[in-house]
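Asks: Let's see this in three dimensions:
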Amino acid sequence: MYGLFVEHYQKYEAIWNGNGGRTYFFQNEFPYDPPNQAAWMNGSLQGYAAYKVADSVTTHEAWGVGSHSYFNVDPTVTADRSFEVPQKPGVKFHDLVSVSLGGVGTIRHVINTTGGPANASTQVVYVNAYP
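Replies: Predicted coordinates:
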């Protein structure tokens, strides 16, 4: 995939289910309007990742991927992570970024539990490579 843009959906915004996939540039903005954290939960996780690689995938690679938050309805809303991927040697990400636009809302981690948070204090967080 080249140049994938997905914005403002309330759950996972992109889900990759197949092996051997590659993404070159992904841009995302989380939904502006979760009314509160309780309304935007994924089980015990706060919010949904913008880009999820299915747990069954063993090979996937992505370059130049970024996700932004601007939770203007309730700035206390948190997304647990921008990218959610299985811990497998064939799943690799390069040059990632999470941004809290104007510090409105929080993205706790860039990918899985690595990187972050992006919030009012640190609005832009980069991860060069994962794992």
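Asks: For the chain, which segments count as strands?
Replies: Counting by DSSP state E, one finds strands in the chain at the ranges 2-7, 14-16, 21-29, 41-42, 45-46, 51-53, 59-69, 78-84, 90-100, 106-111, 124-130.
Asks: Do me a favour and average the pLDDT over the fourth one.
Replies: For strand 41-42, mean pLDDT is 98.
Asks: With stretch 116-130 instead?
Replies: Across stretch 116-130, pLDDT averages out at 97.
Asks: Tell me the gap between that stretch and the middle of its chain.
Replies: Relative to the centre of its chain, stretch 116-130 is centred 11 Å away, using C-alpha atoms, centre = their mean, to the nearest Å.
Asks: coming back round to it: make JSON lines out of the strands of the chain and add mean neighbour count and distance to A118.
Replies: Where C-beta positions appear, they are placed from N, C-alpha and C, glycine not excepted. Below are the strands of the chain laid out as JSON lines (neighbours: other C-beta atoms under 10 Å; distance: least, C-beta to C-beta, whole Å):
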{"stretch": "strand 2-7", "mean neighbour count": "12", "distance to A118": "17"}
{"stretch": "strand 14-16", "mean neighbour count": "17", "distance to A118": "19"}
{"stretch": "strand 21-29", "mean neighbour count": "18", "distance to A118": "13"}
{"stretch": "strand 41-42", "mean neighbour count": "14", "distance to A118": "18"}
{"stretch": "strand 45-46", "mean neighbour count": "16", "distance to A118": "14"}
{"stretch": "strand 51-53", "mean neighbour count": "24", "distance to A118": "15"}
{"stretch": "strand 59-69", "mean neighbour count": "21", "distance to A118": "7"}
{"stretch": "strand 78-84", "mean neighbour count": "25", "distance to A118": "8"}
{"stretch": "strand 90-100", "mean neighbour count": "20", "distance to A118": "4"}
{"stretch": "strand 106-111", "mean neighbour count": "24", "distance to A118": "4"}
{"stretch": "strand 124-130", "mean neighbour count": "15", "distance to A118": "5"}
